[in-house]
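Participant: here is my input, please return the structure:
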Amino acid sequence: MRVYESVVIGAGQAGLAASYHLKRLGIDHVVLDADARPGGAWQHRWDSLTMYDVHRVADLPGAPAPAVSQERANQVVPEWFGRYESERALPVIRPVPVDRVTSEVTDDGELLVVHAGERSWRTRTLINATGTWTRPFLPSYPGRETFLGEQLHTAGYPGREHFRGKRVLVVGGGASAVQFLGELAPITETLWATRREPVWREHFDESVGRDAVTMVQERVARGLPPASVVSVTGLKLREQEREAEALGVYAARRPMFSRIEPTGVRWSTGEFEPVDVILWATGFRPAADHLAPLHLRGPEGGIQLLSVGHDVQTAVTAAVDPRVQLVGYGPSASTIGASRAGRAAALAVSRQLQAMDVPDEATA
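Facilitator: Next up, the predicted model:
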């Protein structure tokens with residue numbers, strides 16, 4: 001069986017950036033993508049999300065991001081990704097839903113083996129770029145299973161018309177929750193609940209973003225699970241959310257309820273609120289279960305990452321196994337960070353191959 005210098009799992013922003021730089025370095029690799037077509041997580045986002053609504057799409061190496069417009073993001077970005085793959089002849093294979101990655105001693109040395117059903121790929125190094133979209137997080141609350149209404153997560157948001165005429169409770173303190181309230185409050189009755197008091201900012205500067213990324217990097221450097229950066233960056237209302245603001249929905253934010261009942265939620269004060277829908281805008285967790293056989297997680301529950309230099313977004317190398325690079329995890333979990341981390345991961349792969357003394361043009 002062929003032995004690759006590297007295998008990339010995932011063909012979103014991070015995976016494409018990593019593949020571009022691997023190819024530039026002459027490293028023999030393949031990209032395995034679970035989806036049937038290009039686009040990464042963008043192809044699964046809701047129809048009402050336009051390029052005007054997204055916070056920012058970063059450039060890919062050598063290719064500027066699509067312009068701001070009223071076109072649907074779940075069409076524009078996948079089409080851009082598809083062109084990028086094709087024009088640069090990136091070695092993407094799909095659909096390949098990876099089940100697990102193991103480490104095995106073979107005649108070619110100790111190799112990583114990527115399994116997808118009955119298929120497998122052997123490789124000397126691995127770049128994991130699976131993001132978070134397939135791991136929506138639903139917090140556990142007493143009585144959640146008794147609720148007779150509808151419960152949805154950001155990953156399954158069907159667009160605002162689905163909620164017209166329904167009383168909707170939006171749960172979560174991040175940017176998605178703010179956007180959903182902006183869409184829903186003008187057409188139906190909404191409530192908002194968060195664990196923490198929201199921190200609002202009128203302006204963002206470079207230092208805010210740097211502090212947020214540094215906080216996440218410090219956590220993964222200690223082997224802790226990545227945490228939300230909203231507590232550092234804060235929230236900002238955009239023009240498209242001003243109507244909801246005028247309706248008072250953001251000012252009426254409530255603390256988290258104590259339990260869920262069949263027709264609504266009850267607060268610790270005993271107050272009951274009837275709702276038809278609970279929309280969980282509670283974020284995602286890293287999609288890394290397929291890496292479990294490699295035992296990368298430490299006792300604190302996170303995957304410890306090592307960085308090179310002073311750019312915290314280059315923290316991509318798994319401390320337990322330097323053959324494995326993680327992009328779109330921790331400090332690189334953004335489109336900007338993912339592109340930078342893709343380059344860092346490719347360079348880390350090159351260094352690792354040199355350390356293995358692999359006699360190939362990839363290490364020239």
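Participant: neighbours around residue 177, how many?
Facilitator: By other C-beta atoms under 10 Å, the residues close to residue 177 number 26. C-beta: built from backbone N, CA, C; applies to glycine.
Participant: whoops, residue 21 was the one
Facilitator: Residue 21: 21 neighbours (other C-beta under 10 Å).
Participant: might one say that it is in contact with residue 341?
Facilitator: No: with contact defined as C-beta atoms under 8 Å, residue 21 does not reach residue 341; the gap is 10.3 Å.
Participant: give me the nearest residue to residue 185, chain neighbours excluded.
Facilitator: residue 244 (3.8 Å; C-beta to C-beta, 6 or more residues apart in numbering).
Participant: in the stretch 251-364 of the chain, which spans are strands?
Facilitator: For the stretch 251-364 of the chain, the strands defined by DSSP state E, counting those that start in this stretch cover 254-255, 259-261, 264-266, 272-274, 277-280, 305-306, 317-318, 324-326.
Participant: dump those into a markdown table; add distance to residue 176, mean pLDDT and mean neighbour count as well.
Facilitator: Putting the strands of the stretch 251-364 of the chain into a markdown table (distance: least, C-beta to C-beta, whole Å; pLDDT from 0 to 100; neighbours: other C-beta atoms under 10 Å) gives the following:
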| stretch | distance to residue 176 | mean pLDDT | mean neighbour count |
| --- | --- | --- | --- |
| strand 254-255 | 18 | 95 | 14 |
| strand 259-261 | 20 | 98 | 17 |
| strand 264-266 | 20 | 98 | 20 |
| strand 272-274 | 21 | 97 | 13 |
| strand 277-280 | 9 | 98 | 23 |
| strand 305-306 | 25 | 86 | 21 |
| strand 317-318 | 29 | 94 | 22 |
| strand 324-326 | 23 | 96 | 27 |
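Participant: SS state for the closest residue to residue 39 other than its chain neighbours?
Facilitator: Closest residue to residue 39 apart from its sequence neighbours, by C-beta to C-beta, 6+ apart: residue 78 at 2.7 Å. Following DSSP: H, G, I helix; E, B strand; the rest coil, the label given to residue 78 is helix.
Participant: which residues of the chain score low on pLDDT?
Facilitator: For the chain, the stretches flagged by pLDDT under 70 are 202-222, 224-234, 308-313, 331-337, 358-364.
Participant: mind checking the longest strand of it?
Facilitator: Longest strand in the chain, counting residues (DSSP state E): strand 119-128.
Participant: which residues touch the helix or strand following that one?
Facilitator: Going down the chain from strand 119-128, the next helix or strand is strand 150-153, by DSSP states H and E. Outside strand 150-153, the residues within contact range by C-beta atoms under 8 Å, 6 or more residues apart in numbering are 136, 138, 144, 158, 166, 276-282.
Participant: try it again with 7 Å
Facilitator: For strand 150-153, contacts defined as C-beta atoms under 7 Å, 6 or more residues apart in numbering pick out 136, 138, 276-280.
Participant: for the helix or strand following it, the distance to its chain's centre please.
Facilitator: For strand 150-153, the following helix or strand on the C-terminal side (DSSP H and E) is strand 168-171. Relative to the centre of its chain, strand 168-171 is centred 22 Å away, using C-alpha atoms, centre = their mean, to the nearest Å.
Participant: distance of residue 339 relative to residue 223?
Facilitator: 25 Å (C-beta to C-beta, to the nearest Å).
Participant: of those two, which one has the most company?
Facilitator: Counted by other C-beta under 10 Å, residue 339 and residue 223 do not tie: residue 339 has more neighbours, with 25 against 18.
Participant: show me what contacts the spatially closest residue to residue 42 that is not a sequence neighbour?
Facilitator: Nearest residue to residue 42 in three dimensions, chain neighbours excluded: residue 77, at 3.9 Å (C-beta to C-beta, 6+ apart). When contacts are counted by C-beta under 7 Å, 6+ apart, residue 77 touches 39, 42, 57, 66.
Participant: same thing but at 8 Å, please
Facilitator: Taking C-beta under 8 Å, 6+ apart, we find residue 77 in contact with 39-40, 42-43, 57, 66.
Participant: residue 300: which of the residues you listed is nearest?
Facilitator: Using C-beta to C-beta, residue 40 comes nearest to residue 300 of the contacts of residue 77, at 28.6 Å.
Participant: re the thing from before, keeping just the C-alphas, turn the longest strand of the chain into PDB.
Facilitator: Below are the C-alpha coordinates for strand 119-128, written out as PDB (Å, rounded to 0.1, in the frame of the first residue of the first chain):
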ATOM      1  CA  ARG A 119     -10.700   2.000   3.000                       C
ATOM      2  CA  SER A 120      -7.500   3.200   4.600                       C
ATOM      3  CA  TRP A 121      -4.500   5.400   3.800                       C
ATOM      4  CA  ARG A 122      -1.000   5.100   5.300                       C
ATOM      5  CA  THR A 123       1.000   8.200   6.100                       C
ATOM      6  CA  ARG A 124       4.000   9.500   7.900                       C
ATOM      7  CA  THR A 125       2.300  12.600   9.100                       C
ATOM      8  CA  LEU A 126      -1.300  13.900   9.500                       C
ATOM      9  CA  ILE A 127      -2.900  17.300   9.400                       C
ATOM     10  CA  ASN A 128      -6.300  17.300  11.000                       C
END
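Participant: I'd guessed residue 278 sits against residue 149; true?
Facilitator: Yes: using C-beta under 8 Å, residue 278 makes contact with residue 149 at a distance of 6.9 Å.
Participant: returning to what we had before: got the contacts of residue 77 as a markdown table, with distance to residue 109, neighbour count and secondary structure columns?
Facilitator: Formatted as a markdown table, the contacts of residue 77 follow (distance: C-beta to C-beta, whole Å; neighbours: other C-beta atoms under 10 Å; DSSP: H, G, I helix; E, B strand; the rest coil):
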| residue | distance to residue 109 | neighbour count | secondary structure |
| --- | --- | --- | --- |
| 39 | 36 | 22 | coil |
| 40 | 32 | 25 | helix |
| 42 | 38 | 24 | helix |
| 43 | 38 | 20 | helix |
| 57 | 40 | 20 | coil |
| 66 | 43 | 15 | coil |
